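1. Sequence and predicted structure below; questions after.
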Amino acid sequence: MKKLSLICGVAVALAMGCFSCDKSEKKETASTSASSPASVEGKKIVFVNTDSLLTNYQFYKDAQKEFENKGYRLQVDLGQRERALQSELGAIQQRAQAMSQAELQAADMMLKKKGAEFQQYSQQKQQQLAQEQAKKNEELYNNIREYIKKHNSENKYEFVLGYTKVGGGILYADESVDVTKQIVEGLNKEYAESKTKK
């Protein structure tokens, strides 16, 4: 099954956009220190490498594994149902010469009905899985955004940009303003704590 679409959605959302945080706070003066966040006209700007964030965020890894398992189980279930229909068709074909025209028509109608039910079941289950993935994607996005908001209350960044090496809107990011490690560590700590509470 394909990787979580959320998850790509979050990467794109983070990579293409930025979070504007605490604009009401006093503007800080530009810093020349390499260890300080970048400043543009007094605005503190940092970035998060979205590729690393998703690769190292345990919530994402768990969600990805969960949906791979669900996708696999759905494929097995659908495969079994399809084989059962094929088996019924094969049995009818073997008996076809001994069946009357009315029996053949009844068998044909029954198989068509079962085939339509199978298609409906398949679409319903796939749609259900897609909705679960969308919900999990939203949860991932909210976890990241809420953690960044909390993290930012200490740091007073005005922008936290999402950076990705391929296909992102940011062409260059100075590693001295990369806060990915701190964000990932904080997110994983919160996620581990939430799992122990359950």
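-> It's in. Numbers count the residues shown, from 1 in each chain.
2. Residue 105: which element?
-> helix 101-155 (DSSP states H and E).
3. Just name whatever secondary elements the following helix or strand past that helix is in contact with.
-> Counting by DSSP H and E, the next helix or strand C-terminal to helix 101-155 is strand 159-163. In terms of contacts (3 or more Cβ pairs under 8 Å, 6 or more residues apart in numbering; DSSP states H and E), strand 159-163 is packed against helix 5-16, strand 18-20, strand 43-49. Bear in mind the C-beta positions are built from the backbone N, C-alpha and C, glycine included.
4. Give the other helices and strands that the helix or strand following the last one contacts.
-> When you say that, I think you mean strand 43-49. Note on strand 43-49: by DSSP H and E, the next helix or strand toward the C-terminus is helix 50-56. Judged by 3+ Cβ pairs under 8 Å, 6+ apart, helix 50-56 is in contact with helix 5-16, helix 180-197.
5. Could you list the buried residues of helix 50-56?
-> Neighbour-count burial for helix 50-56 flags 50, 51, 52, 53, 54, 56 (criterion: 16 or more other Cβ atoms under 10 Å).
6. Can you list the low-confidence ranges for this protein?
-> Along the chain, the model assigns pLDDT under 70 to residues 1-43, 198.
7. let's see 90
-> 1-45, 96, 149-160, 163, 165-178, 195-198 (pLDDT under 90).
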